[in-house]
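>>> mind folding the following:
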Amino acid sequence: MSDHIEDKHFDRIDFATEPLAGESFEACTFTGCDFTEVRLDERVFIDTTFTNCNLSNAKVGGSGFRDVFFDRCKLIGVDFSSANDTIISFRFTDCILDYVSFARLPLKKTEFVNCSLIRAFFDDADLSSSKFDNCNLENAVFGKTNLEKTDLSTSYNYTIDPSNNRIKKAKFSINGLPGLLSEYDITIVA
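Predicted coordinates:
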């Protein structure tokens, strides 16, 4: 099979038992596929959509993701921080991204819509102008993260230390104030 695969649809394939052939995928779609603990190292995905796929604990070291859309996918424990940070842009809708690492990645203008990001890691990431729309950020880690112009106004359960992150012109809701002020050990009364 060719190393470069273009405009192909993969439907309900268990890649744990049937290895994914190909090194680069462009304008492809993966629907209902299982990539649980699969090694996707050193592959490139461009303008590709994953729908209803399970990529939990998949290995993505050195892989590139450009204009990749994940819709209703489970990506628990994926370490995107090991991916190729020069080829990286995502969108996530209705995904489970618990325990995922985005540390040190340039993720400007990334959209997370209706996602669970419990214990996700964003240390040293550039999330400027990104949008977290109705996302659960319980115990997510933000340290030295660029959140300038990022919209978190509809998200919840986050704890972000303003003195350890860049938050200029970021949007937060009034309900998010406890998560911004928790470092100061104060009580907020409505």
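>>> strands along this structure, start to end?
Across the chain, reading from the start of the chain, the strands by DSSP state E fall at 4-6, 9-11, 24-26, 29-31, 44-46, 49-51, 64-71, 88-93, 111-113, 131-133.
>>> spit out the contact partners of Ala16.
Taking C-beta atoms under 8 Å, 6 or more residues apart in numbering as the contact definition, Ala16 lies against 34-38. For glycine as for every other residue, the C-beta is placed from the backbone atoms N, C-alpha and C.
>>> weed out the non-buried ones from the residues you listed.
Buried positions within these, assessed by neighbour count (16 or more other C-beta atoms under 10 Å), are 34-36, 38.
>>> closest to Ser82 among the residues you listed?
Ranking the buried ones among the contacts of Ala16 by separation from Ser82, with C-beta to C-beta as the measure, puts Val38 on top at 14.5 Å.
>>> the helix or strand bottoming out on mean pLDDT in the chain: how far from the chain's middle?
Across the helices and strands of the chain, mean confidence by mean pLDDT, DSSP states H and E is lowest for helix 177-181: a mean of 75. Taking C-alpha atoms, centre = their mean, to the nearest Å, one finds helix 177-181 lying 23 Å from the centre of the chain it belongs to.
>>> again with stretch 53-61
Here stretch 53-61 shows a centroid-to-chain-centroid distance of 12 Å under the convention C-alpha atoms, centre = their mean.
>>> quick one: average pLDDT of it?
Taken as a whole, stretch 53-61 has an average pLDDT of 97.
>>> mind listing what's buried in it?
The neighbour-count criterion (16+ other C-beta under 10 Å) identifies 53-56, 58-60 as the buried residues of stretch 53-61.
>>> taking those residues, tell me the two that lie furthest apart.
When the buried residues of stretch 53-61 are compared pair by pair using C-beta to C-beta, the two farthest from each other are Cys53 and Lys59, 15.2 Å apart.
>>> partner residues bridging Phe69?
Thr49, Arg91 (DSSP bridges).
>>> would you confirm that it contacts Thr49?
Yes - in this structure Phe69 lies within contact range of Thr49 using C-beta atoms under 8 Å: 4.7 Å.
>>> which residues touch Gly77?
Gly77 makes contact with 56-57, 98-100, according to C-beta under 8 Å, 6+ apart.
>>> and the two most separated of those?
Of all the pairs that the contacts of Gly77 form, the one spanning the most space (C-beta to C-beta) is Asn57 and Asp98, at 11.4 Å.
>>> mutual contacts of those two, please.
With contacts defined as C-beta under 8 Å, 6+ apart, the residues shared by Asn57 and Asp98 are 76-77.
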